[in-house]
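>>> Turn this into a model:
(2 chains)
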Amino acid sequence: MPSRKQYRPDQPSLLMRFGAFAGLAFMHIPVFIIILYAFTTEERTFEFPPPGLTLHWFSVAFGRSDIWQSLTLSLGVAACATAIALVLGTLSAFALARARFPAKDSLTALFVLPIALPGIITGIALLAAMKLARLDPSFFTIVAGHATFCTVIVYNNVIARLRRLPPSWVEASMDLGADGTQTLRYVLLPQVATAFLAGGMLAFALSFDEVIVTIFTAGKERTLPIWFFNELFRPRDRPVTNVVAVIVIAVTFIPILLAYYLTRPDDEHETAR
Amino acid sequence: MTLRAASTFLYRRPYWYLALLLVPPLLWFGTVYLGSLFALLAQSFYAIDEFTAQVVRQPTLATYKQLVTQPANVDIVLRTLTMAIAVTIACALIALPIAMYMARYARGRMKAFFYVGVMLPMWTSYLVKVYAWRLLLAKEGIIAWVLGKLGLMGLLDAALEAPGIGGPSLSSSYIGMFIVFVYMWLPFMILPMAAALERVPGSLLQASADLGARPGQTFRNVVLPLAIPGIAAGSVFTFSLTLGDYIIPSVVGAPGYFIGMMVYVQQGTAGNIPLAAAFSVVPIVLIFIYLSIAKRFGAFDAL
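Below you'll find the model as predicted:
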């Protein structure tokens, strides 16, 4: 009898397993490289492997006032943009989660447009508007740009949770005599809270890191990514740039990991379907 | 008591409730976002006075005429479009095994490992990643070092000598730019694809196997068609992000311009906001065309 390989649907083929792990490695190598380069003793070239390792550049970076200024500005912008986004994103998610009304589809499209269109469009559009309105770039124009796409992130997170929530829960709550505010407080909000938090974390991380829109709206203000962008074309401060890269990675990783654990699907329930 | 009355009032009148919720976000999006988009459109119908270098605020099609009739500008659009399509296809191919593995085979901890493993690089600072690729692609950088150790330097040189896509080093060639683009947008393809594959019921695969299909046949005839909406959804991101990017083409540079760079340069050093605006209308149009195609493949059901 000719031996035919038995088909086991629960086992991936060797090729797929290799593709999956190689792909995952491909996504992580650049991040590790950056972390490694923050400790290199070589100042001028990108020589690999690094000739030696040192912590010297961290102390240099911490002594630089321009980095501190940019860092404070970025944190301030991210905090303001996240606050606005949490309000606007949650309101729109509550409005669009269940209701049916004419123009709902166009509204849904409008709320995802800032991330469906490339960032440069948002950036140049804001700049064009600022020029027409003769508005000077400032902290507030940066926040206005960031709040727009951050709203989309919060909206996506909250609406995904609301859609998973069975509508019968709200009805049950009302049938049992709760009024609207009680239902909101005891049924809806506890369910949405983690998605709300996760959306806020992601919005914060996104804003902290944003450069494409910010370049158009910032004028002379220098957020940390803009500082970094300028350094890319000016190799003088290369070791300090490496250190800032590691700081940026550290600042964004924490909210993102938290957001993942707040919204991760319950694995056992998901696979038992 | 008044709160209760108010909430009951709103529960009975869903449109009032909706209006109350929607007014603040709509005000914001209507003025800040849509307002800006209209301002952009308006600017694209202005033109710049060549002598004074001032924007003349009178509606004209001169800027669009300049965009369409100058061959250099048409080249820029075609170059960007080609890159966006190539990057989208490559992302789909690389993402497929990863998405398949994380959605259908990995369980428990391994699954979490893969999801976190895709999400972390996706959310890692965009600029830091671009910067990392500069280090990787540099002449004395890591890729050259690894290839040298493996004795494959000849391969790299041969690739760089290829007409049209080559260059003096990886960091100044279209090949290098293509690699960076694929790297940057890969997670945006993996996640929607994995989400679509998660929804394929396992019973369908078993049925296909029971009916005598080999794994390859099951993949082609059952899994792939069901993954199409996810691929379409992911491709919207890879396509749109490549079309608009101006930082990667300027950091990992080949000589030719891309749409995003043109927008950036025209608004900045050239001070020609009308031409920058007209140039940015091009990706908007291309993306709307792309979205209408992707919609037919069910991209919006998979988002």
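>>> Just give the closest residue to A:Gln191, not the sequence neighbours.
Using C-beta to C-beta, 6 or more residues apart in numbering or on different chains and skipping the chain neighbours, the partner closest in space to A:Gln191 is A:Leu165 (5.5 Å). Bear in mind the C-beta positions are built from the backbone N, C-alpha and C, glycine included.
>>> Poorly predicted segments of the stretch 201-303 of chain B, please.
Across the stretch 201-303 of chain B, residues meeting the criterion (pLDDT under 70) sit at B:301-303.
>>> please redo it, this time with the cut-off set to 80
B:215, B:253-255, B:268-271, B:298-303 (pLDDT under 80).
>>> pLDDT averaged over stretch A:180-195 - what is it?
Per-residue pLDDT over stretch A:180-195 has a mean of 84.
>>> Let me see the residues that make contact with that stretch.
Stretch A:180-195 has contacts (C-beta atoms under 8 Å, 6 or more residues apart in numbering or on different chains) with A:90, A:157-158, A:160-162, A:165, A:169-170, A:173-174, A:178, A:262-263, B:3-4, B:7-8, B:10-11.
>>> mind running it again at 7 Å?
A:157-158, A:160-162, A:165, A:169-170, A:173-174, A:178, A:262-263, B:3-4, B:7-8, B:10-11 (C-beta atoms under 7 Å, 6 or more residues apart in numbering or on different chains).
>>> In that stretch, which residues are buried?
A:Gly180, A:Gln182, A:Thr183, A:Leu184, A:Val187, A:Leu188, A:Val192, A:Thr194, A:Ala195 (16 or more other C-beta atoms under 10 Å in any protein chain shown).
>>> Keep only those of these that are in helices.
Counting by DSSP state H, the part of the buried residues of stretch A:180-195 found in helices is A:Gly180, A:Gln182, A:Thr183, A:Val192, A:Thr194, A:Ala195.
>>> of all the residues you listed, which two lie farthest apart?
Greatest spacing in these, by C-beta to C-beta: A:Gly180 and A:Thr194 (22.4 Å).
>>> on that earlier part again, closest to chain B out of the buried residues of stretch A:180-195?
The nearest member of the buried residues of stretch A:180-195 to chain B, counting by C-beta to the nearest C-beta, is A:Gly180 at 2.9 Å.
>>> re earlier: next, the residue nearest to A:Gln191: phi, psi?
In this entry, A:Leu165 is assigned phi and psi values of phi -80, psi 120 (degrees, to the nearest 10).
>>> go on, the one 3 residues further on?
Backbone geometry at A:Ser168, expressed as degrees, to the nearest 10, gives phi -60, psi -20.
>>> Now for it, how many residues are close by?
Residues within reach of A:Ser168, counting by other C-beta atoms under 10 Å in any protein chain shown, total 9.
>>> what's the answer for A:Phe21, then?
For A:Phe21, using other C-beta under 10 Å, the count is 15.
>>> Can you name the helix or strand that it falls in?
Counting by DSSP states H and E, the element that carries A:Phe21 is helix A:14-37.
>>> ok, then the element right after that helix?
helix A:56-62.
>>> Near chain B, which residues of the stretch 51-200 of chain A are found?
By C-beta under 7 Å from any C-beta of the partner chain, the part of the stretch 51-200 of chain A that sits against chain B consists of A:87-88, A:91-92, A:94-95, A:99, A:101, A:110, A:114, A:116-121, A:124-129, A:131-132, A:144, A:148, A:151, A:179-181.
>>> can you tell me which residues contact B:Leu37?
Contacts for B:Leu37 (C-beta under 7 Å, 6+ apart) come out as A:Ala125.
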